[in-house]
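**Q** Using only what follows, build the 3D model:
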Amino acid sequence: MNPRIFREYDIRGIVGEDLTEETVKELGLAIGTYYARRGLRRITLGRDCRLSSEPFHDALLEGLLACGMEVIDLGICPTPLLYFSIVKLGTEGGVMITGSHNPPEFNGFKVCVGKDAIYGPEIQKVREIAERGDYAKGEGRLSEYDIVVDYRRFVLEQIRVGRRLRVVIDAGNGTAGVVAAPIMRELGCEVVELYCEMDGHFPHHHPDPTVEAYLQDLIAKVRETGADVGIGYDGDGDRIGVIDERGEIIWGDRLMIIFARDIISERGGGTFIAEVKCSQVLYDEIERLGGRAIMWKTGHSLIKDKMRKEGALLAGEMSGHMFFADRYFGYDDAIYASCRLLEIMGKTGKRVSELLEGVPRTYVTPEIRMECPDEVKFHVVDRVKERLKEQYEIIDVDGVRVKFPDGWGLVRASNTQPVLVLRFEASSPSRLQEIRSTVEGVLKEVMEGLR
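**A** Numbering: from 1, shown residues only. I've put the predicted structure just below:
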C-alpha cells in the first residue's frame with residue numbers, strides 16, 4: 001500500500017495505481033481496526049457517484065464487517081448527508097468514499113469520529129495499522145438507510161424563503177443536484193437544472209465551483225433565464241459557488257459577508273472564523289458589525305476544530321466550504337448553505353448584489369499556485385517569513401500573510417500538494433501589482449538561494 005495515500009485531511013490516491021479493490025479491502029480492515037481500538041462500533045457509510053466508488057464501497061465494506069463493525073449503508077449521497085446521518089442516527093462515526101473536487105482518476109476516503117473527519121496524526125494511525133496488518137476480528141452487521149428523507153424534512157423545517165425565486169443549479173453531474181433541486185422546489189423556488197443527473201464521467205465539466213472556467217455554463221444560464229441566483233456545487237456537495245443576478249461570481253469570502261451580516265443581525269454579535277486566504281474586507285466587516293473575527297489555518301478539519309474550541313457561529317473558506325453552527329451542526333454543507341442564501345434573499349427582498357451593498361471594492365488575485373517540492377516548501381515559507389518580518393507586520397498563523405496599509409500578500413505551503421499558494425489584495429490595481437512584486441521578489445530570491 002502506497003503510504004502517500006494517507007494525506008493531511010483524508011486518504012486519497014489514483015484509481016488502479018494507488019487504490020485497487022484489494023488495497024481498499026485492506027483499508028477497510030485498517031479503518032475498522034482503528035474504530036474498534038477506540039471502542040467504536042456503529043458507523044454510517046456513504047459514497048459519491050464516481051465510477052470506482054461502487055466497487056470500492058463493496059471492498060471497504062468487506063473489510064469493515066470483518067472487524068465487527070455495525071455499518072449503516074446510505075448508498076450514494078453527498079458528503080454533508082453522511083455527516084448529517086451521524087448526528088441524526090447517533091452513530092459513532094462514518095466513512096465517505098469520495099474524490100470530492102479532484103480529477104476523475106482520483107478517489108478517496110473521509111474517515112469520521114463523531115461528525116468530524118480525522119486528520120493529521122490520526123490518519124497516520126490508520127496507515128500504521130495497515131502496515132502492521134494486525135487487524136481486529138469480529139462479526140459485523142449491515143443495514144441500509146435512506147438519509148435523504150430525514151435531511152429534506154430537517155431543511156424544510158428550518159428554512160423559509162417566502163417568495164418565488166428563480167434559481168439555476170449546476171451540480172457538475174455530482175451528487176448534490178438530485179438532493180438540492182427537489183428541496184428548493186419545495187421551498188417555493190423555480191429551479192433550472194444544469195447537469196444535475198449523476199454521471200461519474202463528468203461529461204460537461206469537472207465539478208469544482210472554485211475554478212472560473214467550470215462556472216461559465218452556470219453564468220450563461222443565469223443571464224439567459226434572468227435568474228435571481230446561480231448555485232454551483234462540487235462533486236460531493238460540500239463546496240458552494242454562487243453567481244449573482246448579473247452573472248458575477250461571488251467568491252467564498254464575499255459570500256461569508258452575506259451570511260455573517262445575517263447572523264449578526266439576529267444574534268447581535270458572535271465569533272466568526274475565516275481562513276488565511278480570505279479578504280481583509282471580510283474581517284473588517286465582521287468587526288464593524290460587532291462580531292469577533294478570527295483568521296485561521298486553511299483546511300476543513302482544522303477549521304471545524306477551531307470552531308468547536310471558539311464556539312463560533314460560522315466559518316468559511318475561499319474554496320466555498322461554509323460551516324454553520326448557529327442553527328446547524330458546524331460542518332461544511334453546500335446544499336444547506338445555498339438554502340440559507342435563498343432564505344436571506346427571501347426575507348430581505350434583496351438581490352445577491354444588493355446583499356453586498358456597502359462592502360468596499362478591492363482588487364484581488366485568484367489563488368496562485370506555484371510548484372515547489374514537498375521536502376522544501378515549508379522551509380521556503382519560513383525563509384520568506386524571516387525576510388519579510390524585518391520590514392513589515394506579518395501574520396504567521398498559516399504561512400506568512402504580510403500586511404500593508406492598503407492591502408496584503410500571502411505565501412503558504414499547501415498541506416496536500418507540492419505547491420506554494422499565493423494571494424494578494426489591494427485598494428487599486430497599481431497597488432496590487434506593487435504588493436505582488438514586493439512579495440514575489442522576496443520569494444524568488446529565497447528560491448534561487450536554495451538552488
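**Q** can you point me to the longest helix in this structure?
**A** helix 429-449 (DSSP state H).
**Q** And that one, what does it pack against?
**A** strand 363-364, helix 374-388, strand 400-404, strand 407-413, strand 419-426 (3 or more C-beta pairs under 8 Å, 6 or more residues apart in numbering; DSSP states H and E). Just so you know, the C-beta spots here come from the backbone N, C-alpha and C atoms, and that holds for glycine as well.
**Q** again, 7 Å this time
**A** Helix 429-449 sits against helix 374-388, strand 407-413, strand 419-426, with contacts defined as 3 or more C-beta pairs under 7 Å, 6 or more residues apart in numbering; DSSP states H and E.
**Q** can you list the residues that contact it?
**A** Residues outside helix 429-449 that contact it (C-beta atoms under 7 Å, 6 or more residues apart in numbering) are 363, 365, 380, 383-384, 387-388, 402, 404, 406-407, 409, 411, 424, 426.
**Q** Farthest pair within those?
**A** Tyr363 and Arg383 (27.7 Å; C-beta to C-beta).
**Q** Taking their axis directions, the longest helix of the chain and helix 374-388 sit at what angle?
**A** Comparing the axes of helix 429-449 and helix 374-388 via axes from the mean of the first three to the mean of the last three C-alpha atoms, to 10 degrees yields an angle of 120 degrees.
**Q** Now do helix 429-449 against strand 407-413, angle only.
**A** Taking the same axes, to 10 degrees, one finds helix 429-449 and strand 407-413 inclined to each other by 30 degrees.
**Q** Which positions within helix 429-449 qualify as buried?
**A** For helix 429-449, a neighbour-count test (16 or more other C-beta atoms under 10 Å) marks Arg431, Leu432, Glu434, Ile435, Arg436, Thr438, Val439, Glu440, Val442, Leu443, Val446, Met447 as buried.
**Q** how many degrees apart are that helix and strand 419-426 in direction?
**A** With the same axes, to 10 degrees applied, the angle from helix 429-449 to strand 419-426 works out at 150 degrees.
**Q** Dump helix 429-449 to CSV, keeping only the CA atoms.
**A** Taking Å, rounded to 0.1, in the frame of the first residue of the first chain, the C-alpha atoms of helix 429-449 are listed here in CSV:
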residue,chain,number,x,y,z
PRO,A,429,-4.8,47.7,-9.5
SER,A,430,-1.5,49.5,-9.3
ARG,A,431,-1.0,48.8,-5.6
LEU,A,432,-2.0,45.2,-6.2
GLN,A,433,0.8,44.9,-8.7
GLU,A,434,3.3,46.6,-6.4
ILE,A,435,2.4,44.4,-3.4
ARG,A,436,2.6,41.3,-5.6
SER,A,437,6.0,42.4,-6.9
THR,A,438,7.4,43.0,-3.4
VAL,A,439,6.4,39.6,-2.0
GLU,A,440,7.2,37.6,-5.2
GLY,A,441,10.6,39.3,-5.4
VAL,A,442,11.5,38.1,-1.9
LEU,A,443,10.1,34.6,-2.8
LYS,A,444,12.2,34.5,-5.9
GLU,A,445,15.4,35.4,-4.0
VAL,A,446,14.7,32.7,-1.5
MET,A,447,14.0,30.1,-4.1
GLU,A,448,17.2,31.0,-6.0
GLY,A,449,19.2,30.7,-2.8
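**Q** Which of the helices and strands packed on helix 429-449 sits closest to Val281?
**A** It's strand 419-426; of the helices and strands packed on helix 429-449, that one is closest to Val281 (C-beta to C-beta) at 8.1 Å.
**Q** Pull up the pairing partners for that closest one, direction included.
**A** Strand 419-426 sits in its sheet next to strand 363-364 (antiparallel), strand 368-371 (antiparallel), strand 407-413 (antiparallel), going by DSSP bridges.
**Q** Distance from it to the middle of the chain?
**A** 19 Å (C-alpha atoms, centre = their mean, to the nearest Å).
**Q** that older thread, list just the nearest of the contacts of helix 429-449 to Lys306.
**A** Checking the contacts of helix 429-449 against Lys306 with C-beta to C-beta, the nearest one is Val411 at 21.4 Å.
**Q** and the gap between that closest one and Val179?
**A** Here the criterion is C-beta to C-beta, to the nearest Å. By it, Val411 lies 38 Å from Val179.
**Q** do the same with Arg7
**A** Look at Arg7 and Val179: by C-beta to C-beta, they are 27 Å apart.
**Q** what does Met69 give?
**A** For Met69, the distance to Val179 (C-beta to C-beta) stands at 26 Å.
**Q** Please say which of these two ends up with more neighbours.
**A** Taking other C-beta atoms under 10 Å, Met69 and Val179 do not tie; Met69 has more neighbours (29 against 23).
**Q** mind listing the helices for the protein?
**A** Counting by DSSP H, the chain has helices at residues 21-37, 53-66, 79-89, 121-132, 147-158, 177-186, 216-225, 252-267, 280-288, 300-310, 334-348, 374-388, 429-449.
**Q** circling back to that earlier point, of all the helices and strands packed on helix 429-449, which one comes closest to Val211?
**A** Closest of the helices and strands packed on helix 429-449 to Val211 is strand 419-426, at 14.7 Å (criterion: C-beta to C-beta).
**Q** Next, the angle strand 400-404 makes with that closest one.
**A** In terms of direction (the same axes, to 10 degrees), strand 419-426 departs from strand 400-404 by 10 degrees.
**Q** Strand 419-426 vs helix 280-288, what angle?
**A** For strand 419-426 against helix 280-288, the angle by the same axes, to 10 degrees is 60 degrees.
**Q** Cool, thanks, signing off.
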